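K.L.:
sequence-free structure coming up:
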Ligand SMILES: NC(=O)CC[C@H](N)C(=O)O
């Protein structure tokens, strides 16, 4: 009982890094702070070594792959993932965490870690950016539906047995019903029922951008994952 009070500082306020090579770094830092973490940008291996967990923001996964190498971070991030560091990847970050990627240039590599196949730019063929409601009970936390912003986003084509699906897209409430049938209907239909958030162990990935807007629920979910992890580690070392 009293054990809960003895948990190390990291359980209450973990330090979460945001890979700061490209993308919405400031927005992720702000969302992490409002989710109860200390948030720091990460550009160098020494900065990576100092964080409990890492966020990989959106951007361009092929460019991020190259930048990770240019900044000598590709190997170190991969090693931390293998060692169990919690990581949250959004959009291009989701692609970086995927074990398998479709529609990628032949030389694009990923950090990997999540047993899933993602398709790059899957939503982005007709429109670059849109909002879509989700079915995501675990991420919602009983506070109403999440609205997701997608920007040339991937979707998840298939997941392995250890992967938990956390969100799928649903049809917008204003979707036209009835016999009308045109290209827009087909697109809306294509975009519905897609897997857009997953968790595999300590890795979390979303195809959308939860750092846009005021809703920090996805970041809170991630910070809670980091805390759970610290609690588990404490329990292990004390037994
Ligand atoms: N907003 C995003 O992160 C877009 C991802 C981008 N289409 C890619 O393939 O990397």
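P.N.:
Noted; the coordinates are in hand. Note that the coordinates shown come from a computational prediction; the quantities given were computed from them, not determined experimentally.
K.L.:
just the residues of this structure that are near the ligand, which are they?
P.N.:
Counting by C-beta under 6 Å from any ligand atom, the chain comes close to the ligand at 58-61, 91-92, 95, 120-121, 151-152. Yep, even glycine has a C-beta here, placed from its N, CA and C like the rest.
K.L.:
longest helix in the protein, by residue count?
P.N.:
helix 217-238 (DSSP state H).
K.L.:
So for that one, mean pLDDT?
P.N.:
Averaged over helix 217-238, pLDDT sits at 85.
K.L.:
which regions of this structure lie under the pLDDT threshold?
P.N.:
Within the chain, the stretches with pLDDT under 70 are 1-11, 124-127, 174-184, 234, 236-239.
K.L.:
So which residues of it form strands?
P.N.:
Ranges of strands in the chain, per DSSP state E, are 15-19, 38-42, 53-56, 87-90, 98-102, 114-119, 129-135, 147-151, 155-159, 164-169, 195-200, 203-206.
K.L.:
Please identify the pairing partners of the longest one and their relative orientation?
P.N.:
When you say that, I think you mean strand 129-135. When pairing is defined by DSSP bridges, strand 129-135 lines up against strand 147-151 (antiparallel), strand 164-169 (antiparallel).
K.L.:
Would you indicate which residues of it are buried?
P.N.:
130, 132, 134-135 (16 or more other C-beta atoms under 10 Å).
K.L.:
Now do the buried residues in the longest helix of the chain.
P.N.:
By 16+ other C-beta under 10 Å, the buried positions in helix 217-238 come out as 217-223, 225-227, 229-231, 234.
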